[in-house]
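> Any chance you can model this:
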Amino acid sequence: MAKGDLGTAELLFRRALAASSVDGFVRAWSSANLGLCAKLSRHFEDAADWYVQAQSAFATLKAPPLEQTMLGNLGYVYFELHDLPKAKESTEKAAGMAEALKLLPDQQSWLLDLGRVQQALGQIGEAEESYKKALSILMPPGSPAIAINCLNNLTNLELARGRVASAEKYHQAALELHPEGERLLFWQMDDTAIAEAHGKHEVAEAALLKLLEQVNSPKASDEQPDYRLIWLIQAKLAHVYAAEKKDQDADLWFQRSIATIKQAADTMKHAQFSAAILGNMPVFDDYVAFLISHGEEVKALQVAQSGRARTLAQGLGFSSKQGDPKIWLAKIQAFLRPQKAVVLSYFASQKECYLWTITPNQIKLSTLGIAGPDLDNLIDDYRREIKLHVGMDASPAAKKLFQVLVRPASDLIPKDSHVIIVADSKIYSVNFETLIAMQGEQHYWIDDVSLQNASSIDLLMAGNRKKTTSAKGLLLIGASVQVDPNFPELPNATKEMDSVSKHFGTGEIKRFSGKDARPSAYFSSSPGNYRYIYFATHGKSNAVDALDSAIILSPDTDGSFKLFARDIINDKLHLNADLVTISACEGAGTNVQSLEGLLGLEWAFMRAGAHQVVAALWNVDDAATPGLMDDFYGQLKQGKSAADALRHAKLAMLHAGGIHATPYYWAALQLYTRS
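Numbering: from 1, shown residues only. Presented below is the predicted three-dimensional model:
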C-alpha cells in the first residue's frame, strides 16, 4: 500500500479477509484497507461497500476511533458519488465522534469534508463556518494539506458571493502554504476564476486549457477519471468563451461538460448513485441560462429535459433521442393534442427559475423571478402549512406559490384542463392541487384542473411498455399486524381494503390481510400478472437512502416485515400494472433528486414497470382514506382516467366540508404517470 502498488495490496487484503473467519479485527481491518484501495483508484462505489462493512464491524468491536474513521471515509466517498444526504449524515457523525475523542487531525479532516457537502447543498454560511472551524484547529508544522483545502474552498465561496477582494486574501494565504499536487491544481483553478472576475478572459482560457490537458493525462489502467474535476474545468471554459462572445465555443464546451457527467452517471453500478451524480450537481443550469439569453428557448427546454428521469428510463430500457428542437416540440404537441393536455415544465437553479408552458398549439417561456434557494424556503413554508392542517385563510405560502408557479401560465390553461406537472428540485414536494388561486373568489386549483405528475416529458411520450402477460385483476395487501411500536395497527385499513375490493368481482381479487400480509406474499403472488396493485398499510420513507424506503407488513417466517424499495425493483418481478396505489405515509418519498424526482416507493414501482402510481407526499389519514378510495375506484371502474377519478374523489371530500376539507386530508395522495 505504501509503495502505491494497489493491485498487490488489494490481493493481500482479500487473502487476509478470506483467512480471518474467527478474528473480527483482522476482518474489519482488511475491509477498511480494501475500501482505501478502492478509494485511491477512484472506484467509489466499491469503496463505499467496503467502508460500510468495516464501520459496522468496528462498531461491533466497540472501537470508536476506528469506527469514526470509517464514517469519515464513507462521507468522503459518498460526496464523490454526490449522494449528498448520505455524505452529510456520515460526515457529521464522524466529526462529532472525532471531537468527543479529541482526535484533532480527524476532526479537522471531517470538518473540511462537511464544509464541502454543505457548500454543494447551497448551505454557504454553514460551509464557511465548517471551513473556519477546521482552520482554527492547530496542527503540527509541516501538515498544511487540510488548511490549503479549506483556504481554496473559502476562496471559491467568496468568488460565488462576488467578493473578489476577500477571495484574493484566502487565495494568497493558500499560496503561502505551498500547495502541491491536487491542492495546487485547485488553487490554479481559483486563479483562473479570479482572472475571469477581473475581465482577463484570455488568461483564464489559456490556464484552463492547460489544466484540462493535465487532468486528462494518462492514469493507472484501473483508475477511474476524475469526472467532477473534468466537468468543472469544461464548464469554466464554457463560461470564459461566453464572456468572450465566442458563442459556438461556449456551446461546444457546455455540451462537453454535460457529456462528461452523463458518462460518469453511466459508469455507476447502482441506480441511486447514477441519479445523484446527475441530480445533485448543477450540470445543466448555466447552459440553460446561456441558451435562454440567446433566444433558443425550445433548445433550452430540451437541454433541461435531457437529464430527467434518466436512471428510470435506462432501467426500463428506454433511450431518449430528442433530435432537432422544433421537430421534438412538434412531437410533444402532437402527443398532447388528443388529450387536450397542457404541460408545465419547471427548471430551478441557484440564480433563477423557469417555466415552460406547452399546449397542443403553443409554447411559452416564463422567467419566474425567484432564485432556487428562495423558492425552496417558500416550499418549506408551504409544507409547514399543510402539516398544521390549516385552511385557505391561513395559507399565505400556498397563495404565493400559486402566483409564482402557476399564474404565469394561467392564460394558456382553460377551465377543466388536464395538466401534467414536470417538476424540479423541491417543486416535487408540492401538490399543485392545493395551491390557492385568487382569480375571482379564492379557491384551490383542483377546482380548475385535473392534475398528474411526470418526471420527464421524453419518458412520458415513450409509449406504453410492452406487456409480457395479460395483466388483470387486483392484488390487494394490507391491514397488517403490529410488529413495531412505531407502526401500530391501522383501525380502518380493513375497511379501506373492503371499499376498494367491492368494485371488483370475487374472482378478480387476490387479497392478503392480517398476518398473511407479508413481504413474501407480494413476491410469491406473481405481481406482474395484475392490472391493479394496492397497499393499505404503513410506509416508511428514507431521505438518506431512498432504496431503504419500505412498505410495512406483517412478519415473515424469518421475522422480516418490510417490503423495501430495493426489493421492488427486482428485475425478476417486472410489473405490468396500469395502477399501483400506495396508501401509506410518504409513499412518494422524501429523497429529492432535482432531475429524477422523489426517490422512494413511487419511483421503485415505476422502475419495476408500473404505468401509474398513486402515492402520498405526506402522512395519509387512516379515517379519511376509505371514503376517498371508495369514490376513486368507483370512478375508475366507470371508465374514468386515473387523473379524473382521483380528482372526483378529492373534490367530493373537499366540498363536503368539515375537518377533512383541509388539504392535509384530501391532498396527500397524488398521481404519478410514467407513460
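> When you work out contacts or count neighbours from here on, use the C-alpha atoms and nothing else.
Fine.
> Quick one: the strands in the stretch 151-300 of the chain, in order.
For the stretch 151-300 of the chain, none of the segments meets the definition of strands by DSSP state E, counting those that start in this stretch.
> hey, where'd the helices end up in it?
Taking DSSP state H, counting those that start in this stretch to define them, one finds helices in the stretch 151-300 of the chain at 164-175, 181-197, 201-215, 227-243, 247-267, 271-279, 285-293, 297-306.
> who does the next helix or strand after the last one touch, helix- and strand-wise?
What it means is helix 297-306. Going down the chain from helix 297-306, the next helix or strand is helix 310-315, by DSSP states H and E. Counting by 3 or more Cα pairs under 8 Å, 6 or more residues apart in numbering; DSSP states H and E, the packing neighbours recorded for helix 310-315 are helix 271-279, helix 601-608.
> Out of those, indicate the one that is most buried.
When these are scored by mean count of other Cα atoms under 10 Å, the highest mean neighbour count falls to helix 601-608 (a mean of 27).
> Mind checking the pLDDT average for that one?
Averaging the model's pLDDT scores along helix 601-608 yields 92.
> and the next helix or strand after it, what other elements does it pack with?
Scanning forward in sequence from helix 601-608 by DSSP H and E, the next helix or strand is strand 612-616. In terms of contacts (3+ Cα pairs under 8 Å, 6+ apart), strand 612-616 is packed against strand 579-583, helix 601-608, strand 669-673.
> Direction included, what does strand 612-616 pair up with?
Sheet pairing here is set by DSSP bridges, and for strand 612-616 it gives strand 579-583 (parallel), strand 669-673 (antiparallel).
> can you list these in TSV and add mean neighbour count and mean pLDDT?
Formatted as TSV, the strands paired with strand 612-616 follow (neighbours: other Cα atoms under 10 Å; pLDDT from 0 to 100):
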stretch	mean neighbour count	mean pLDDT
strand 579-583	26	95
strand 669-673	25	95
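> Which one, of these, ends up nearest to residue 119?
Distance to residue 119, taken as Cα to Cα, is lowest for strand 669-673 among the strands paired with strand 612-616, at 31.7 Å.
> what's the most buried one of the helices of the stretch 151-300 of the chain?
By mean neighbour count, with neighbours taken as mean count of other Cα under 10 Å, helix 271-279 ranks first of those at a mean of 23.
> low-scoring stretches of the stretch 401-550 of the chain, by residue?
Counting by pLDDT under 70, the stretch 401-550 of the chain contains low-confidence ranges at 463-469.
> Next one: residue 53 relative to residue 239, how far apart?
42 Å (Cα to Cα, to the nearest Å).
> Turn the helices of the stretch 151-300 of the chain into CSV, columns for mean pLDDT.
As requested, the helices of the stretch 151-300 of the chain are arranged in CSV below (pLDDT from 0 to 100):
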stretch, mean pLDDT
helix 164-175, 96
helix 181-197, 93
helix 201-215, 94
helix 227-243, 94
helix 247-267, 94
helix 271-279, 81
helix 285-293, 96
helix 297-306, 95
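> Figure out which of those helices is closest to residue 110.
Taking Cα to Cα, helix 181-197 is the member of the helices of the stretch 151-300 of the chain nearest to residue 110, at 16.9 Å.
> and that closest one, what other elements does it pack with?
helix 145-160, helix 164-175, helix 201-215.
> got the angle for the second one vs helix 145-160?
What that stands for is helix 164-175. 160 degrees (axes from the mean of the first three to the mean of the last three Cα atoms, to 10 degrees).
> Now do helix 164-175: everything it contacts.
Where contact means Cα atoms under 8 Å, 6 or more residues apart in numbering, the residues beyond helix 164-175 that reach it are 147-148, 151-152, 154-159, 187, 190-191, 194, 197.
> Give me the contact list for stretch 494-502.
Residues beyond stretch 494-502 that count as contacts (Cα under 8 Å, 6+ apart) turn out to be 476, 478, 479, 509, 513, 536, 625, 626, 627, 629, 630, 633.
> do the same with stretch 22-42
By Cα under 8 Å, 6+ apart, stretch 22-42 touches 1, 6, 9-10, 13-14, 16-17, 20-21, 44, 46-51, 53-55, 57-58, 61, 70, 77, 222-226.
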